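>>> structural data only, the sequence is not supplied:
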């Protein structure tokens, strides 16, 4: 599925995009698609990092969870 729409850019963004070939892209569309994919990955990575921090905080505060984890690890190693 593809979506086509008009995009308003400021002057610096337009100049940058107009040099797409200098950056090894076949088209402006290819450059925009890669930029959007990279932004998507960056946002997902940030969300994952925030989630991991939250889980770490919960783990630090929950002694029962720590004991359960330690018991599971001990059982696994046997």
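Perfect, I can see it now. None of the values given here were measured: they were computed from a predicted structure.
>>> three-state assignment of residue 38?
Applying DSSP: H, G, I helix; E, B strand; the rest coil to residue 38 yields a three-state assignment of helix.
>>> and the contacts of the helix or strand of the chain with the lowest mean pLDDT?
Ranked by mean pLDDT, DSSP states H and E, the helix or strand of the chain with the weakest confidence is helix 63-77, at a mean of 87. Contact partners of helix 63-77, identified using Cβ atoms under 8 Å, 6 or more residues apart in numbering, comprise 58-59. (Each C-beta comes from the backbone N, C-alpha and C, glycine too.)
>>> quick one: it to chain centroid distance?
In terms of Cα atoms, centre = their mean, to the nearest Å, the gap separating the centre of helix 63-77 from the centre of its chain is 31 Å.
>>> list the buried ones in it?
Of the residues in helix 63-77, none count as buried by neighbour count, 16 or more other Cβ atoms under 10 Å.
>>> please begin residue numbering at 16 from this point
All right, first residue 16 from here; so that's helix 78-92.
>>> what's the separation between residue 51 and residue 41?
Separation of residue 51 from residue 41 (Cβ to Cβ, to the nearest Å) stands at 16 Å.
>>> just residue 72 next, same as before
46 Å.
>>> again with residue 68
Distance check for residue 68 against residue 41: by Cβ to Cβ, it reads 40 Å.
>>> so how many other residues sit close to residue 35?
Number of residues near residue 35 (other Cβ atoms under 10 Å) recorded here: 16.
>>> now it, nearest residue through space, not along the chain?
When the adjacent residues along the chain are set aside, residue 35 lies closest to residue 46, with 4.5 Å between them (Cβ to Cβ, 6 or more residues apart in numbering).
>>> give the buried residues for the helix or strand hosting that neighbour.
Counting by DSSP states H and E, the element that carries residue 46 is helix 43-76. Along helix 43-76, the positions that meet the burial threshold by neighbour count (16+ other Cβ under 10 Å) are residue 46.
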